[in-house]
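**Student:** Predicted model follows, preceded by the sequence.
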Amino acid sequence: MREARYIVRPMSNAVRLFAPLLCTLLACGRSQPTTPTPAPMDPTERGGRAFDRWSSDPGMKAGVTPEGARLKDLYGWDLRGTEGLYGAAYANKATALPRNWLTSTESATEIAALLAAGTEGGPALATYLDDEAIGAIAGFIVGVRDGALPRPDWIWDLSAGTPGNYRLRDGADAARGHALIAEQCADCHGPDGTGMRFDDGAFTLGSHARQKAYEDWFKILNGQPGTDMGRQVTGDGRAMAQQIHDILAALCDRTRYPASDATGGEVPDGDPRCGAYLR
Ligand code: HEC
């Protein structure tokens with residue numbers, strides 16, 4: 001069950017940053033304020049969302065039924081395929097393919113062609129998506145690989161045999177994360193992250209982040225497909241990675257962002273995923 005007490009679309013970052021300038025240009029206060037046009041989605045944000053769930057992309061061709069596989073099922077939330085989170089050494093998902101995009105050397109154009117044809121027996125995306133959508137996915141992959149976007153290994157490390165198979169890295173500022181959550185997430189998720197439950201009541205924002213930060217880094221970067229939640233971070237790859245890292249470290253506070261009655265439970269003291277950030 002989903003509670004949606006806080007579904008209010010806040011101003012996008014771009015609108016918030018440029019609102020004063022817009023006001024000067026449009027003479028706010030002197031005439032009737034105009035509704036700002038939402039900023040167009042960055043192609044890499046679109047690509048990230050399509051990587052997550054490509055059947056939600058507007059570039060879906062008419063008359064085709066998408067196969068179930070999401071690209072994250074094939075390559076993992078860390079884009080490393082069987083060498084990464086979904087590989088045999090870690091979560092061991094049967095859907096994972098032996099292709100590590102983080103160590104790939106192809107150009108975005110070449111990656112788009114690979115995806116269009118389907119890699120290692122995965123779906124041929126050209127059957128389902130138009131060229132622009134496939135290009136956006138390739139641009140997202142190259143952005144993460146080359147660091148124009150955050151890389152997962154700047155935020156968390158793989159960890160074989162420990163719960164969740166990952167550990168948040170050192171170097172986050174939880175205090176800054178609390179401020180970012182209040183600013184960016186609270187309107188929709190509630191100040192304590194309990195305003196909306198995920199996965200049929202299994203998680204609050206906090207309990208999800210303490211158990212699945214390997215997924216949440218991706219959601220904060222690209223938003224949640226099919227919802228109003230878009231990219232939540234700004235700046236270059238390192239700056240965005242730091243904001244995501246700070247938010248995830250802040251969400252390790254079990255008192256400020258409780259599991260409440262979520263059925264997925266709470267992590268115990270000493271849980272390795274949050275490590276030293278766990279409160
Ligand atoms: C405009 C409203 C909005 C904003 C702002 C927003 N979210 Fe969301 N978020 C949503 C909605 C709606 C969902 C989908 C919930 C669902 O699947 O039931 C969601 C889903 C998520 C998920 C996915 C959980 C899952 O099911 O896998 C995560 C993680 C998340 N949000 C984190 C954040 C964080 C962290 C912030 C702030 C940096 C934030 N969100 C800002 C609306 C928002």
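**Tutor:** Alright, I've got the coordinates. Residues are numbered from 1 along each chain as shown.

**Student:** contacts and neighbour counts: CA atoms only from here.
**Tutor:** Fine.

**Student:** Output the below-cut-off pLDDT ranges for the stretch 51-200 of the chain.
**Tutor:** Residue ranges of the stretch 51-200 of the chain with pLDDT under 70: 68.

**Student:** In it, which residue sits nearest the ligand?
**Tutor:** residue 185 (3.4 Å; Cα to the nearest ligand atom).

**Student:** Tell me which residues of stretch 245-258 come out buried.
**Tutor:** 245-254, 257-258 (16 or more other Cα atoms under 10 Å).

**Student:** quick one, domains of the protein?
**Tutor:** 43-149, 157-277 (automatic domain parsing).

**Student:** Could you give the backbone dihedrals for residue 198?
**Tutor:** Main-chain torsions, residue 198, degrees, to the nearest 10: phi -100, psi 160.

**Student:** shouldn't it be in contact with residue 204?
**Tutor:** Yes: look at residue 198 against residue 204 with Cα atoms under 8 Å: they come within range, at 6.3 Å.

**Student:** Where do the helices of the protein begin and end?
**Tutor:** Assigned by DSSP state H, the chain shows helices spanning 13-26, 43-52, 71-75, 108-117, 131-146, 174-184, 186-189, 205-211, 213-222, 237-250.

**Student:** For the fourth one, which outside residues touch it?
**Tutor:** Counting by Cα atoms under 8 Å, 6 or more residues apart in numbering, helix 108-117 makes contact with 123-127, 134-135, 137-139, 141-142, all of which sit outside it.

**Student:** What about the ligand: which of the residues you listed touch it?
**Tutor:** The subset of those within reach of the ligand, by Cα under 6 Å from any ligand atom, is empty.

**Student:** from those residues, which is closest to residue 276?
**Tutor:** residue 141 (30.5 Å; Cα to Cα).

**Student:** how near is the nearest residue to that closest one once chain neighbours are set aside to residue 69?
**Tutor:** Leaving aside its sequence neighbours, residue 141 sits nearest to residue 101 (Cα to Cα, 6 or more residues apart in numbering; 6.9 Å). To residue 69, residue 101 is 17 Å away according to Cα to Cα, to the nearest Å.

**Student:** next one: residue 159
**Tutor:** With Cα to Cα as the criterion, residue 159 and residue 69 are 25 Å apart.

**Student:** what does residue 165 give?
**Tutor:** 22 Å.

**Student:** Compare the two and say which is more crowded by neighbours.
**Tutor:** residue 165 (21 against 15; other Cα atoms under 10 Å).

**Student:** give me every residue that touches the more buried one.
**Tutor:** 85, 90-91, 158-159.

**Student:** Residue 218 now?
**Tutor:** 48, 77.

**Student:** Enumerate the residues of the stretch 151-279 of the chain near the ligand.
**Tutor:** For the stretch 151-279 of the chain, the contact set with the ligand under Cα under 6 Å from any ligand atom comprises 181, 184-185, 188, 198-199, 216, 219-220, 224, 227-229, 232.

**Student:** Mind putting these into JSON lines with distance to residue 73 and neighbour count?
**Tutor:** As requested, those are exported to JSON lines (distance: Cα to Cα, whole Å; neighbours: other Cα atoms under 10 Å):
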{"residue": "181", "distance to residue 73": "28", "neighbour count": "23"}
{"residue": "184", "distance to residue 73": "28", "neighbour count": "17"}
{"residue": "185", "distance to residue 73": "26", "neighbour count": "22"}
{"residue": "188", "distance to residue 73": "27", "neighbour count": "20"}
{"residue": "198", "distance to residue 73": "19", "neighbour count": "17"}
{"residue": "199", "distance to residue 73": "17", "neighbour count": "13"}
{"residue": "216", "distance to residue 73": "15", "neighbour count": "21"}
{"residue": "219", "distance to residue 73": "15", "neighbour count": "21"}
{"residue": "220", "distance to residue 73": "18", "neighbour count": "21"}
{"residue": "224", "distance to residue 73": "16", "neighbour count": "18"}
{"residue": "227", "distance to residue 73": "20", "neighbour count": "8"}
{"residue": "228", "distance to residue 73": "23", "neighbour count": "13"}
{"residue": "229", "distance to residue 73": "21", "neighbour count": "18"}
{"residue": "232", "distance to residue 73": "23", "neighbour count": "19"}
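
**Student:** Cool, thanks, talk later.
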